[in-house]
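Undergrad: with the sequence up front, the predicted model follows.
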Amino acid sequence: MRELELKIDRSTFSLLWMSLHARENELLSRVEQFGEDSDEGADALNDIVALRLYKRELKEQAEKVFDKNAFIVSDESYQ
């Protein structure tokens with residue numbers, strides 16, 4: 001398997017983390033819309049599993065480098 005190693009700053013990480021969170025919410029909406037037993041729902045569930053595994057690995061690495069504010073997924077948290 002090929003791998004890509006990136007060096008990113010805190011701001012870029014925050015954008016990436018928010019994007020992954022938003023994508024997970026979109027996939028959850030698809031499951032809710034089509035149901036778990038549909039092809040669309042099953043595909044979305046598979047993507048959710050893969051995304052959550054990636055997020056877990058990314059979080060483990062990022063927690064060593066960035067503060068907890070880098071993991072904020074909503075602008076409301078800044079208010």
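TA: Okay, I see it. Residues are numbered from 1 along each chain as shown.
Undergrad: mind listing what the residue nearest the centre of the chain touches?
TA: For the chain, the residue nearest the mean C-alpha position is Leu20 (2.7 Å; C-alpha atoms, centre = their mean). Neighbouring residues of Leu20 by C-beta atoms under 8 Å, 6 or more residues apart in numbering: 51, 54-55, 58. Where you see a C-beta, it was placed from the backbone N, CA and C, and this is true even at glycine.
Undergrad: which element is Val31 on?
TA: Val31 is part of helix 10-34, with elements assigned from DSSP states H and E.
Undergrad: got the buried residues for that helix?
TA: For helix 10-34, burial by neighbour count (16 or more other C-beta atoms under 10 Å) applies to 13-14, 17, 20-21, 24, 27, 30-31.
Undergrad: and for stretch 60-69?
TA: 62, 66.
Undergrad: mind listing residues that contact it?
TA: With C-beta under 8 Å, 6+ apart as the test, stretch 60-69 has contacts from 10, 13, 17, 70-71.
Undergrad: 10 Å instead, please
TA: The contact list for stretch 60-69 (C-beta atoms under 10 Å, 6 or more residues apart in numbering) reads 8-10, 13-14, 16-17, 55, 59, 70-71, 77-78.
Undergrad: just stretch 1-12 next, same as before
TA: By C-beta under 10 Å, 6+ apart, the residues outside stretch 1-12 that reach it are 13-16, 62, 65-67, 69-70.
Undergrad: would you mind measuring the gap between the ends of it?
TA: Terminal residues of stretch 1-12 lie 25 Å apart, using C-alpha to C-alpha, to the nearest Å.
Undergrad: which residues touch Ala50?
TA: With C-beta under 10 Å, 6+ apart, Ala50 has these contacts: Leu27.
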